[in-house]
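S.K.: All I have is the shape, not the residue letters:
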């Protein structure tokens, strides 16, 4: 039985005109993992989209555990949809849903908004767009991946997939292809060829396979701590309240896919890569300690309005200390949950084919990350 895949995804960063704080740019030397997810949203791909929704947080959790030269990487995800009749035919039935971004709440929001509709699937075209349009790192040591999934022949459309794949790898972008159907059919219809041309890996999945969640004895406490973690966020700026509501909405979306999935999201929220400096004062002040001197009273939550600067600083310091403590507790529980889940997965794989998609996909990502010097 095939097992679900792990996917990652993204959207345009908030414009500087949105009246939110613009944090100091991060150190360009920090390692990056960049993944563009290209999803077929034609009629038959509802199962694929559901699998992507259910596996986002598990996948980014795995990537967040890697390190390179002693540093945790920034994780950037981009999202494209293709093969949907609702999209512009002159643009190849392709839409960039989101550019590369570290804002995975936004990725989750966009992923849950995808709908399917019949169309023409042009793999070569969408790969070409992702290669040319996204802001890929120029650092040869960073991991840059395109992951494309679909169920029609890879050579459909007016743009030669061979040229698109060769162009991608010439920029250091590897391509992993995922055919939704029989392995040999994917080989015959050039999905494996696409991966081979760009130093990537080819897989096949059953897009309608039921997602298997493995609950752990630690999930309930992780979810309780997640509720406490949310209370440490302090929104600010013209759109801060809206972004805070989006955080809660993505908690709800993750929970709709099962308790274990929500626990995976909560675990990611406890990691360094989950940063909301664009709208959260605690994160923003790590980059700009003078932020509170710049924010208007009306752009703060009610509980902070009317406070003196000293009172505001003390309140933020208190929330930051609480967050650090809660995150440490979640990470400790997450380590135990991961060990428990890994043992259960080994037991399941002994009863079935050990070459399941989730095991193979994680192995592939670890292999490709390892080749770039990421360990963990």
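M.R.: Sure thing, it's come through. The shown structure was predicted, so the numbers you read here are calculated from the model rather than taken from an experiment.
S.K.: Mind picking out the helix or strand in this protein with the poorest mean pLDDT?
M.R.: The least trusted helix or strand in the chain, going by mean pLDDT, DSSP states H and E, turns out to be helix 357-371, with a mean of 76.
S.K.: ok, now which ones touch the closest residue to residue 269 other than its chain neighbours?
M.R.: If you skip the residues right next to it in sequence, residue 269 has residue 229 as its closest partner in space, 6.2 Å away by C-beta to C-beta, 6 or more residues apart in numbering. Placement of C-beta: from N, CA and C, glycine included. When the contact criterion is C-beta atoms under 8 Å, 6 or more residues apart in numbering, the partners of residue 229 are 266, 269-270, 323, 326-327, 330.
S.K.: If we use 7 Å, what do you get?
M.R.: Applying C-beta atoms under 7 Å, 6 or more residues apart in numbering, one finds that residue 229 lies in contact with 269, 323, 326-327.
S.K.: Residue 295 now?
M.R.: Residues in contact with residue 295, defined by C-beta under 7 Å, 6+ apart, are residue 236.
S.K.: can you check residue 121 too?
M.R.: For residue 121, counting by C-beta under 7 Å, 6+ apart, the contacting residues are 40, 42, 82-83, 150, 152, 156.
S.K.: and residue 354, what pLDDT?
M.R.: The per-residue pLDDT reported for residue 354 equals 42.
S.K.: scratch that, residue 111 is what I was asking about
M.R.: At residue 111, the pLDDT value in this model is 96.
S.K.: How about residue 32: what's its closest non-neighbour residue?
M.R.: Leaving aside its chain neighbours, residue 32 sits nearest to residue 142 (4.3 Å; criterion: C-beta to C-beta, 6+ apart).
S.K.: how near is that neighbour to residue 73?
M.R.: 8 Å (C-beta to C-beta, to the nearest Å).
S.K.: Common neighbours of the two, please.
M.R.: When C-beta under 7 Å, 6+ apart defines a contact, the residues bordering residue 142 and residue 73 alike are 31-32.
S.K.: Give me the phi and psi angles of the residue of the chain most remote from its centre.
M.R.: In the chain, counting by C-alpha atoms, centre = their mean, residue 308 sits farthest out from the average C-alpha position, at 38.7 Å. With angles defined as degrees, to the nearest 10, residue 308 shows backbone torsions of phi -70, psi 170.
S.K.: how about the residue nearest to residue 32, what does it touch?
M.R.: Taking C-beta under 7 Å, 6+ apart as the definition, contacts of residue 142 comprise 31-32, 34, 372.
S.K.: What helices and strands are in contact with the longest helix along the chain?
M.R.: Assignment by DSSP state H gives helix 309-351 as the longest helix of the chain. Judged by 3 or more C-beta pairs under 7 Å, 6 or more residues apart in numbering; DSSP states H and E, helix 309-351 is in contact with helix 219-230, helix 259-269, helix 281-287.
S.K.: chain center to the first one: distance?
M.R.: On the basis of C-alpha atoms, centre = their mean, to the nearest Å, helix 219-230 sits 21 Å off its chain's mean C-alpha point.
S.K.: Contacts for the following helix or strand past it, please.
M.R.: For helix 219-230, the succeeding helix or strand toward the C-terminus, using DSSP states H and E, is helix 240-256. With contacts defined as C-beta under 7 Å, 6+ apart, helix 240-256 is touched by 20, 57, 105, 108-109, 112, 233, 235, 261-262, 265, 278-279, 299.
S.K.: Could you list the low-confidence segments of this structure?
M.R.: Under the criterion of pLDDT under 70, the regions of the chain flagged as low confidence span 1-28, 349-361.
S.K.: Residue 168 reaches residue 132, doesn't it?
M.R.: No: counting by C-beta atoms under 7 Å, residue 168 sits too far from residue 132 to count as a contact (9.6 Å).
S.K.: out of those two, which sits in the busier spot?
M.R.: Set residue 168 next to residue 132 and count neighbours by other C-beta atoms under 10 Å: residue 168 wins out with 27 against 12.
S.K.: Can you name the residues that contact that one?
M.R.: 127, 131, 146, 175, 198.
S.K.: Let's verify it: helix, strand, or coil?
M.R.: Reducing the assignment to helix, strand or coil with DSSP: H, G, I helix; E, B strand; the rest coil, the entry for residue 168 is helix.
S.K.: repeat for residue 292
M.R.: What three-state DSSP gives for residue 292 is helix.
S.K.: What is the burial count for it?
M.R.: The local packing of residue 292 (other C-beta under 10 Å) involves 20 other residues.
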